[in-house]
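J.: prediction below, plus the sequence it came from.
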Amino acid sequence: GIQVEQSPPDLILQEGANSTLRCNFSDSVNNLQWFHQNPWGQLINLFYIPSGTKQNGRLSATTVATERYSLLYISSSQTTDSGVYFCAVISNSGYALNFGKGTSLLVTP
Amino acid sequence: EAQVTQNPRYLITVTGKKLTVTCSQNMNHEYMSWYRQDPGLGLRQIYYSMNVEVTDKGDVPEGYKVSRKEKRNFPLILESPSPNQTSLYFCASSLSVGGKETQYFGPGTRLLVL
């Protein structure tokens, strides 16, 4: 099946710092989504972005489908950004979202 | 408000006692699915449904059943739960089947099987 690799696995930032999270995938995809799992376990949709660039407030994402990677940018981080960020993809031949192992982010005051 | 709801949110049960976790979406979505999340194993799909009365196995279907009698509901049934089914469960839905749509996730159900 399709492989999804995220980096870095862990990240500690001070409030106000910027960060870039990366997602590499091994095959062509129909769907790529970024999620934030908050400390209560809820999965929050951030972006649906199989290609191109999107922005939502302090967050933005870029997917270069031809090179099989996606980047999530977090600017001016806040403590509420803490949690685990997942990249998930659906291959052209599948139905299930295949999740990466996530990037665990801790933003300190 | 467009959403996927799950009930219960937390459940403690004992081995062998049948339980059902409900999932409902109010977005008229065709595709619904169940995932479980376990430390070190990530999120894995249990079952999915492409429409009413159409269901199929995902990656880890053993020990689970599902049904899709109505478009909005997709319950997950554990007929004889075992401790290895202790997990965080998510229901998800999307407008269509082909994968080219945002999948929306419910808030999760934490299950502990003693």
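T.: Done, it's in.
J.: please spell out which residues along stretch B:100-114 are buried.
T.: Buried positions in stretch B:100-114, judged by neighbour count with 16 or more other C-beta atoms under 10 Å in any protein chain shown: B:Glu101, B:Gln103, B:Tyr104, B:Phe105, B:Gly106, B:Pro107, B:Gly108, B:Thr109, B:Arg110, B:Leu111, B:Val113. All C-beta spots, glycine's among them, are computed from the backbone N, C-alpha and C.
J.: quick one: mean pLDDT over that stretch.
T.: In this model, stretch B:100-114 has an average pLDDT of 94.
J.: pull the distance from that stretch to the chain's centre.
T.: Remark: stretch B:100-114 is offset 6 Å from the chain centroid, using C-alpha atoms, centre = their mean, to the nearest Å.
J.: and that stretch, C-alpha only, in CSV?
T.: Provided in CSV are the C-alpha atoms of stretch B:100-114 (Å, rounded to 0.1, in the frame of the first residue of the first chain):
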residue,chain,number,x,y,z
LYS,B,100,-11.6,13.3,-4.1
GLU,B,101,-13.5,14.9,-1.2
THR,B,102,-12.7,16.0,2.3
GLN,B,103,-13.3,13.3,4.9
TYR,B,104,-14.9,14.6,8.0
PHE,B,105,-14.3,12.8,11.3
GLY,B,106,-16.4,12.4,14.4
PRO,B,107,-15.2,13.3,17.8
GLY,B,108,-14.0,9.8,18.7
THR,B,109,-15.1,7.1,21.1
ARG,B,110,-12.7,5.9,23.8
LEU,B,111,-13.4,2.2,24.5
LEU,B,112,-11.9,0.2,27.3
VAL,B,113,-12.6,-3.5,27.4
LEU,B,114,-11.8,-5.2,30.7
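J.: how about that stretch, does it reach chain A?
T.: Yes. Contact of stretch B:100-114 with chain A (C-beta under 8 Å from any C-beta of the partner chain) involves B:Lys100, B:Glu101, B:Thr102, B:Gln103, B:Tyr104, B:Phe105, B:Pro107, B:Gly108, B:Arg110.
J.: export those to TSV and append columns for secondary structure.
T.: What follows is the residues of stretch B:100-114 next to chain A, written out as TSV (DSSP: H, G, I helix; E, B strand; the rest coil):
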residue	secondary structure
B:Lys100	coil
B:Glu101	coil
B:Thr102	coil
B:Gln103	coil
B:Tyr104	strand
B:Phe105	strand
B:Pro107	coil
B:Gly108	coil
B:Arg110	strand
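J.: which residue packs closest to A:Tyr73, ignoring adjacent ones?
T.: Nearest residue to A:Tyr73 in three dimensions, chain neighbours excluded: A:Ser60, at 4.7 Å (C-beta to C-beta, 6 or more residues apart in numbering or on different chains).
J.: quick one: residues contacting residue 24.
T.: The chain I'm using is chain A. Contact analysis of A:Asn24 by C-beta atoms under 8 Å, 6 or more residues apart in numbering or on different chains lists A:Val4, A:Glu5, A:Gln6, A:Ser7, A:Arg68, A:Tyr69.
J.: I was thinking of chain B, sorry if that wasn't clear
T.: Per C-beta under 8 Å, 6+ apart, neighbours of B:Ser24: B:Val4, B:Thr5, B:Arg72, B:Asn73, B:Phe74.
J.: nearest to chain A, of those residues?
T.: Within the contacts of B:Ser24, the smallest distance to chain A is 10.3 Å, found for B:Val4 (C-beta to the nearest C-beta).
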